[in-house]
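Here's my sequence, what's the structure:
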Amino acid sequence: MKKIKTFIIGIFCILIPGCTNNTIEAYGDRKTKVDLRNFFKGDIEGWGAVFDYKGQQTRSFSVKIIGTWQTPDKGVLQEWFEFDDGEKTERIWDIVFSNEQLFIGKAKDVIGDADGTQNGNAVNLHYTLRIPYKDSTLDLNMDDWMYLIEENLILNRTTMKKFGFKVGEIVLFMKKKS
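Just a heads-up that it's a prediction; the model follows:
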């Protein structure tokens, strides 16, 4: 009976995201502190991969990013992606910080606002991304996590969901050019 109970609780924790949620508060005590306004100032290059819901890699890509800041709290990130199948895309983010931790991002392919928080060495960003899919588009809920590994290196891990189900994941390393 105890094994059945443990099994059922385990299934609920897998199905109910609240059991395994990562929280931005957990990173406040980290020695390394991230500030996106500093990291995304100037030229950044990155390399990543896209994985399907089964964890199998489906694509790889490189990205060039240029960050500029008109004021200490308002900036623009220009991103140019090149995928291994030849696809090239561009995204331009307008970023506005409301305080040291909270910021909003906007981009043409983002539905509404991207709500972001930075704390300790981590950044968490939630948004809905509209992507081309077959002859139409698909709106995916993005749970975007960035971790400052070293002063000039960020690990980015993004979970993509549709109707609450994980449909894919993106893993990206970004390095600030010196």
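
State the distance from the residue nearest to residue 148 when sequence neighbours are not counted to residue 135.
Distances taken as C-beta to C-beta, 6 or more residues apart in numbering put residue 34 closest to residue 148, at 3.9 Å, once the chain neighbours are dropped. In this view, the C-beta of every residue, glycine as well, is placed from N, C-alpha and C. To residue 135, residue 34 is 40 Å away according to C-beta to C-beta, to the nearest Å.

higher neighbour count, these two?
Per other C-beta atoms under 10 Å, whichever of residue 34 and residue 135 has more neighbours is residue 34, with 21 against 5.

residues touching the more buried one, list them.
Contacts for residue 34 (C-beta atoms under 8 Å, 6 or more residues apart in numbering) come out as 118, 120, 121, 122, 123, 146, 147, 148, 154.

try 6 Å this time
By C-beta atoms under 6 Å, 6 or more residues apart in numbering, the contact list for residue 34 reads 118, 121, 123, 148.

Which of those sits closest to residue 166?
Comparing those against residue 166 with C-beta to C-beta places residue 123 closest, at 20.4 Å.

if I've got this straight, the closest one is in a helix?
No - counting by DSSP: H, G, I helix; E, B strand; the rest coil, residue 123 falls outside a helix, being strand.

Was I right to think residue 146 contacts residue 155?
No - if you go by C-beta atoms under 6 Å, residue 146 and residue 155 don't touch, sitting 7.2 Å apart.

the more surrounded of these two?
residue 146 (22 against 16).

Quick check: the more buried one vs residue 136, distance?
For residue 146, the distance to residue 136 - C-beta to C-beta - is 30 Å.

Kindly report the same for residue 110.
For residue 110, the distance to residue 136 - C-beta to C-beta - is 18 Å.

So between the two, which is more surrounded?
Neighbour comparison, residue 110 and residue 136: the larger count goes to residue 110, with 17 against 6 (by other C-beta under 10 Å).

which residue packs closest to the more buried one, ignoring adjacent ones?
Using C-beta to C-beta, 6+ apart, the closest residue to residue 110 is residue 127 (5.1 Å).

Just to be sure, the one you found is in a strand?
Yes - counting by three-state DSSP, residue 127 is part of a strand.

who's it bridged to?
According to DSSP bridges, the residues that bridge with residue 127 are residue 142.

Which residues are in contact with residue 168?
51, 52, 160.

before we move on, the earlier item: need the contacts of residue 34 in CSV with pLDDT, neighbour count and distance to residue 28, can you?
Output for those, formatted as CSV (pLDDT from 0 to 100; neighbours: other C-beta atoms under 10 Å; distance: C-beta to C-beta, whole Å):
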residue, pLDDT, neighbour count, distance to residue 28
118, 97, 24, 10
121, 95, 19, 9
123, 97, 24, 12
148, 97, 23, 13
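
Closest to residue 30 out of the residues you listed?
Using C-beta to C-beta, the contacts of residue 34 come closest to residue 30 at residue 121, 4.1 Å.
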